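1. Build me a structure from this.
(one chain, ligands or ions: 1)
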Amino acid sequence: MKGSKNRLNAKQRMAKRQRKSANERKDNLHKVANEIVKNMVQNHNLAKSINDASWSKLVNSCIYRAIDVGKYIEFVDPNGTGQLCSRCGAVVKKNLSVRIHSCNNCGLEMDRDLNAALNIRGGTYGLCGTL
Ligand SMILES: [Zn+2]
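-> This is a model prediction of the structure:
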């Protein structure tokens, strides 16, 4: 019944669960931001956390955390970073299910994410902004 004590209790329990869930997501974002800013990446738990989090909130948390510790963040356009060979620059087309970069031009073979990271670190491809 509307306005009954049971209905009020249920409403309060629901609000409490929603607050708890929001706080857990916020805590999780801060944890992920800390991990990224400290360069403690490259593990599957972190990748899962990124998938679970709202991307824009994660980016904002990273920016705030970087400011807190006096670091800067570079934003990278990921387009093409996984398709180029980090050793010779050849285009090596592959879909996302292919996890190994294997270049027929120079023979380089490595994890595709590592190859993409090397392209990004090289600074030649796709840098689109710096904070
Ligand atoms: Zn190559």
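2. the domain parsing of this structure - what is it?
-> Per automatic domain parsing, the structural domains of the chain span 5-72, 76-130.
3. quick one, which of the ones you listed is packed in tightest?
-> domain 76-130 (a mean of 14; mean count of other Cβ atoms under 10 Å). Where you see a C-beta, it was placed from the backbone N, CA and C, and this is true even at glycine.
4. Give the other helices and strands that the helix or strand hosting residue 60 contacts.
-> For residue 60, the enclosing helix or strand under DSSP states H and E is helix 55-68. Secondary-structure packing of helix 55-68 (3 or more Cβ pairs under 8 Å, 6 or more residues apart in numbering; DSSP states H and E): helix 5-37.
5. For the helix it packs on, the averaged confidence score.
-> Averaged over helix 5-37, pLDDT sits at 78.
6. same check, this time on stretch 74-85
-> So the average pLDDT for stretch 74-85 ends up being 83.
7. Quickly check: that stretch near the ion or not.
-> Yes. Counting by Cβ under 5 Å from the ion, the ion is contacted by stretch 74-85 at residue 85.
8. Quick one: end-to-end distance for that stretch.
-> For stretch 74-85, the first-to-last residue distance is 22 Å (Cα to Cα, to the nearest Å).
9. Now do it: distance to the chain's middle.
-> A distance of 14 Å separates the centroid of the chain from that of stretch 74-85, by Cα atoms, centre = their mean, to the nearest Å.
10. and if you look at stretch 93-105?
-> Computed by Cα atoms, centre = their mean, the separation of stretch 93-105 from the middle of its chain amounts to 21 Å.
11. got a list of contacts for that stretch?
-> 82-83, 85-88, 90, 92, 108-115 (Cβ atoms under 8 Å, 6 or more residues apart in numbering).
12. Identify, from those, the entry nearest to residue 17.
-> Nearest to residue 17 out of the contacts of stretch 93-105 is residue 113 (Cβ to Cβ; 36.6 Å).
13. can you pull up the bridge partners for residue 109?
-> On the basis of DSSP bridges, residue 109 is bridged to residue 102.
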